[in-house]
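>>> Predicted structure and sequence below. I'll ask about it afterward.
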Amino acid sequence: EPGALVRTTDKVNLRTGPGTNFPVLSGLEPEREGVVLDHSNQLNGVYATGYHWWRVEFDGMQGWIAESFIQLSE
């Protein structure tokens, strides 16, 4: 959900788009905190290349991350 605080659960790539076919913007370490951003298509995530993807921001970098590598921050 947009505005939700999340953290990475493992090493993961932040990508330019929702899919493993998009270029990597940055590699993120486990336990990095970020926030889920609004999607222009008003969908809650996008399913592509076998994963659900979320548009997120980590340390000022905006990109896409696979749902299986993030969880809600407590």
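Happy to help now that I have it. Numbering: from 1, shown residues only.

>>> going forward, measure contacts and count neighbours with C-alpha atoms only.
OK.

>>> Could you check how many residues crowd around Asn21?
11 (other CA atoms under 10 Å).

>>> Look up the pLDDT of it for me, please.
Note for Asn21: predicted pLDDT of 95.

>>> do the same with Pro2
81.

>>> just Thr16 next, same as before
96.

>>> where do the strands sit along this protein?
5-8, 12-15, 24-28, 33-36, 46-48, 51-58, 61-66, 70-72 (DSSP state E).

>>> Now tabulate those in TSV and tack on mean neighbour count.
Output for the strands of the chain, formatted as TSV (neighbours: other CA atoms under 10 Å):
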stretch	mean neighbour count
strand 5-8	20
strand 12-15	21
strand 24-28	14
strand 33-36	21
strand 46-48	16
strand 51-58	21
strand 61-66	22
strand 70-72	17
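
>>> mean pLDDT lowest for which of these?
Ranked by mean pLDDT, those bottom out at strand 46-48, with a mean of 83.

>>> Give me the distance between Lys11 and Pro2.
Distance, Lys11 to Pro2, using CA to CA, to the nearest Å: 22 Å.

>>> Comparing those two, which shows the higher neighbour count?
Pro2 (16 against 13).

>>> okay but Pro2 is in contact with Gly34, surely?
No: under the criterion of CA atoms under 8 Å, Pro2 is not in contact with Gly34, lying 11.3 Å apart.

>>> ok, now which ones touch the residue most central in space within the chain?
The centroid of the chain falls nearest to Ile65 when counting by CA atoms, centre = their mean (2.6 Å). Listed by CA atoms under 8 Å, 6 or more residues apart in numbering, the contact set of Ile65 reads Val12, Asn13, Leu14, Arg15, Pro18, Trp53, Trp54, Arg55, Val56.
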